[in-house]
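*Asks:* Pasting the sequence and the predicted coordinates here, then a few questions.
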Amino acid sequence: MDVVVVESPAKAKTINKYLGDGYKVVASYGHVRDLVPKNGAVDPDSDFAMTWEVEDRAEKAVSAIAGELKKAKRLFLATDPDREGEAISWHLAEILKERKKLEGIEVRRVVFREITKSAVLDAIAKPRDINRELVDAYLARRALDYLVGFTLSPVLWRKLPGAKSAGRVQSVALRLICEREAEIEAFKPEEYWSVTTDFTTAEGAKFSADLTHLGGEKLGKMGLKDQASAERAVAAIRAGTFEVAEVERKTVRRFPPAPFTTSTLQQEASRKLGLGASRTMRLAQQLYEGVSLGGDTVGLISYMRTDSVNLSQEALAGARKVIQREFGDRYLPKEPRSFKNQAKNAQEAHEAIRPTDLGRLPADVAPYLEDDQRRLYELIWKRAVACQMEAAQLDQTGVDIADASGRTILRATGSVMLFDGFLKLYQEGKDDDADDEANRRLPQLSTGQPLTQGEIKPEQHFTQPPPRYSEASLVKRLEELGIGRPSTYASILQVLQDRDYVRLERRRFVPEDRGRIVTAFLSNFFQRYVEYGFTADLEGKLDEVAEGDLDWKQVLRDFWRDFSAAIGDTSDLGIKEVIETLDQDLGQHFFPETEGGPDSRICPSCSGGRLGLKLGKFGAFIGCSNYPECKYTRRLVVEGGQDGDTAAEGGERELGKDPATGKAVTLKRGPYGQYVQLGEAEGKVKPKRVSLPRGLSAADVTLERGLAMLALPRELGKHPESGEMITAGIGRFGPYLKVGARFKSLPRDEDVLTVGINRAVDLLSQEGAGTPAVEVGKHPADGKPITLKKGRFGPYVQHGSVRSTLKRGTEPSSITLDDAVALIAEKVAKGPAPKKGRAAKPARAPTEKKPTAEKKPAKRASASKKPAAD
């Protein structure tokens, strides 16, 4: 018997059916080991020796593989056909060798780029050795990411409280987003005008033309700078008599785009389907690994991590057959079309992403697919077929229209589709709206033909700033610069969002202020390592390692020599210097100058202090230079911009006195947002406070509303069925309703102070009216989330696999992060409940997580397996 190792159990079952009884196919479940998560896992002083550990999750899979090898003669390592797959095969071979499980067993590597019977059998018939050059490239990349993460992130933590981490490629991607935002903020729109005139031919055909020449001079885009200029142009046109001066016609051919690579698939899925890069790759993985079609599991597309635009001869023949059958001979070119890769440092030069069987039409597989799977398969199928279709042909026409003097000229452009070609099936999407002027239809026109002048339409315009990056345009830009690899783009974009460095707003990336501060810090103190050219050059060297042209350890030596020196140069860097640098770098952003307006640096509280960037234990904020006399602070928001109404009240504001107690009712801000407080602490007795619910502006909080919030929870009445009292209140996660032990979060459009009994009963009757599974916060030891859930035995908090039930009588809505951490610590200290006949083993307490700029390579499952960061 021979043992075959693949990455996912879904593939294992399918491939075992293809190979038959003489083979046992088992899954590694993705990566099986990684660097130990602590300092020293990569040791520059020992020539970059690397210390690995088998992950707990992977131990079971490794043991299962080792068990199957007892009866085996050969081991085929059939992990995915890319660098990550090569690395997993190498790790498995090394682990099994160390455990002496390979004695007398032949170890071979096989790769297949689609999960079909023919591809799998062909791969098994052509085994090879593990590619050492690809493994070396993986080791170099993994070591670089580790060294950057474990060395640079602690500097950020010490010098920039509130920063989470930095990464070799993610920091460069973040810089792109932040610099684009700075361009937008610095942009000053300029006014310009255009003039369009309607014309009519003698036959009554109407069309319009744009002014291009005035007074014998050609007008550029900014040629008419103001209304007065536009009015002079209108007068000149109105005074003239016009005829066709020149007609230009040409036939142009429009060729289809290449089949999908990883990056172009992510871009087009974003444009056409509205799918994020991570979602696209998960769906593509599912289509690659196989879908059940009438009882048989079939891989629908080829491997989805590739830079290649090549198609196999089999795929080309399949595409041509489909084109001829579905569209006819006119749409079939004489010869198959080939494409050249335009990406820098193209790697993994196998095949483009395509259906495994192009004769399997989208309509044929639609009944077996989920909606997003169906949409993505259809997109891939259309692109693969369209790339082999005949080019489209267009008749483009340009017409110059002049007055009698020839000094005032207007131009009309248009086109006519002579043959739609590949456009009958597929048209590539665009990141931004383009001028559709060239697609206008024009009537038949000839030189000297007189025209009747119609309406003259001057129109005011303003220049526009560059657009923010979408996922598609950012991936395209990263690829153009040669930064990162397509297989990592999805995880890089996700990491930036997970760390609150950027957010997606209307499908465009907007940098958070935390992200801008990290970028400003790195750009000022580690400029070389966030330069686009440096990062791209390093990627190029890693590609040379993969080709066997460069020693991987020499790449690490060269990098570490300069990088460690740069880290050492920051040892004497003081917080004051950091603050001054960041304040100067980001001052225009946080304190924009307004023409004729007040100085946005003047403190609105004391009127004498100067506002500037400050650093505290919760991160950066804006404060007054007269501290501690003036305690004015505000979040990192632009004055007068988004959240500007709450920014101006960022310190504290007294709303008035409570008539019942005489205590002050104050609006304050804490690390978790704004809240209303009654009085001050008296000894060990904390004052009552309640958070502002989401959507409530600080400017709308009056004394009356503050007192009403402090009086919460309030009783609404008894439930008509159970007789239990229904209450409304505000907890850690916002407004809620409670009846007995059940909770229901109030929708955003409901007011906790005015919701009545009837509406409450209706909301409580709706599906999901229990304790919502919500995140309490991140555990300070490892940064992983602690969630609050409702189980069979009541509400509980969970951190990883550790669960701790809330104490009897505790309201889930009142649980804070500190409470949750304490409950988890108590559970860990007690250890797991002993099983019958066994003594309980002491549980390990969570240790302080070491800094990692890039996530460890993800523990790969069937849907997704690539590293979560650079």
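*Replies:* Received it, and whenever you're ready, just let me know what you need.

*Asks:* tell me which element the residue lying closest to residue 544 once chain neighbours are set aside is part of?
*Replies:* In space, residue 544 comes closest to residue 550 once its chain neighbours are excluded; the distance is 3.9 Å by CB to CB, 6 or more residues apart in numbering. Yep, even glycine has a C-beta here, placed from its N, CA and C like the rest. In the assignment (DSSP states H and E), residue 550 maps to no helix and no strand.

*Asks:* and residue 550, what pLDDT?
*Replies:* On the pLDDT scale, residue 550 is placed at 92.

*Asks:* and it, how far is that from residue 140?
*Replies:* Applying CB to CB, to the nearest Å, the value for residue 550 to residue 140 is 9 Å.

*Asks:* which residues touch the closest residue in space to residue 384 that isn't next to it in sequence?
*Replies:* Nearest residue to residue 384, sequence neighbours excluded (CB to CB, 6+ apart): residue 354, at 4.2 Å. Residues near residue 354 by CB atoms under 8 Å, 6 or more residues apart in numbering: 259-260, 301-302, 311, 315, 380, 384.

*Asks:* Settle it for me: which of residue 550 and residue 140 has more neighbours?
*Replies:* residue 140 (24 against 19; other CB atoms under 10 Å).

*Asks:* Neighbours of the nearest residue to that one once chain neighbours are set aside, how many?
*Replies:* Spatial nearest neighbour of residue 140, chain neighbours left out: residue 552 (4.0 Å); criterion: CB to CB, 6+ apart. Counted by other CB under 10 Å, the residues lying close to residue 552 total 23.

*Asks:* shouldn't residue 552 be in contact with residue 139?
*Replies:* Yes: counting by CB atoms under 8 Å, residue 552 sits close enough to residue 139 to count as a contact (6.0 Å).

*Asks:* In terms of helices and strands, where is residue 288?
*Replies:* Using DSSP H and E, residue 288 falls within helix 277-289.

*Asks:* Please point out which parts of that helix sit buried.
*Replies:* 277-289 (16 or more other CB atoms under 10 Å).

*Asks:* Over to stretch 571-589?
*Replies:* 578-579, 581-583, 585-587, 589.

*Asks:* Tell me the one of the residues you listed nearest residue 245?
*Replies:* When those are ranked by distance to residue 245 (CB to CB), residue 589 comes first, at 50.9 Å.

*Asks:* for the closest one, helix, strand, or coil?
*Replies:* Following DSSP: H, G, I helix; E, B strand; the rest coil, residue 589 is assigned to helix.

*Asks:* element containing residue 504?
*Replies:* strand 502-505.

*Asks:* quick one, what contacts the residue nearest to residue 140?
*Replies:* Residue 552 touches 136-137, 139-140, 545, counting by CB under 8 Å, 6+ apart.

*Asks:* and if we set it to 6 Å?
*Replies:* Neighbouring residues of residue 552 by CB atoms under 6 Å, 6 or more residues apart in numbering: 136, 139-140, 545.

*Asks:* picking up where we left off before, go through the buried residues of helix 277-289 and name the one nearest residue 158.
*Replies:* Nearest member of the buried residues of helix 277-289 to residue 158, counting by CB to CB, is residue 278, at 31.6 Å.

*Asks:* ok, the residue nearest to the spatial centre of the chain to residue 586 distance?
*Replies:* With distances taken as CA atoms, centre = their mean, residue 493 lies nearest the centre of the chain, 3.3 Å away. Applying CB to CB, one obtains 23 Å for the distance of residue 493 from residue 586.

*Asks:* So residue 587 versus residue 181, what's the distance?
*Replies:* 15 Å.

*Asks:* Then residue 341?
*Replies:* From residue 341 to residue 181 the distance is 32 Å (CB to CB).

*Asks:* Repeat that for residue 711.
*Replies:* Residue 711 is 43 Å from residue 181, by CB to CB.

*Asks:* What of residue 585?
*Replies:* With CB to CB as the criterion, residue 585 and residue 181 are 13 Å apart.

*Asks:* do residue 275 as well
*Replies:* In this structure, residue 275 and residue 181 are 24 Å apart, going by CB to CB.

*Asks:* re the thing from before, dump the buried residues of stretch 571-589 to TSV, plus distance to residue 168.
*Replies:* Listed next are the buried residues of stretch 571-589 as TSV, based on distance: CB to CB, whole Å:
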residue	distance to residue 168
578	22
579	26
581	23
582	22
583	27
585	22
586	24
587	29
589	26
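
*Asks:* With secondary structure and pLDDT as extra columns, can I get these in TSV?
*Replies:* Shown next, in TSV, are the buried residues of stretch 571-589 (DSSP: H, G, I helix; E, B strand; the rest coil; pLDDT from 0 to 100):
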residue	secondary structure	pLDDT
578	helix	82
579	helix	82
581	helix	84
582	helix	82
583	helix	81
585	helix	80
586	helix	79
587	helix	74
589	helix	76
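
*Asks:* Identify the farthest-apart pair in the residues you listed.
*Replies:* Taking CB to CB, no two of those sit farther apart than 578 and 589, at 16.7 Å.

*Asks:* Check this protein for its longest helix and report it.
*Replies:* The longest helix of the chain (DSSP state H) is helix 132-159.

*Asks:* residues of that helix that come out buried?
*Replies:* Within helix 132-159, the residues that count as buried by 16+ other CB under 10 Å are 133-153, 155-156, 159.

*Asks:* again with stretch 719-729
*Replies:* With burial defined by 16+ other CB under 10 Å, the residues of stretch 719-729 counted as buried are 719, 726-729.

*Asks:* Sweet, I'm off.
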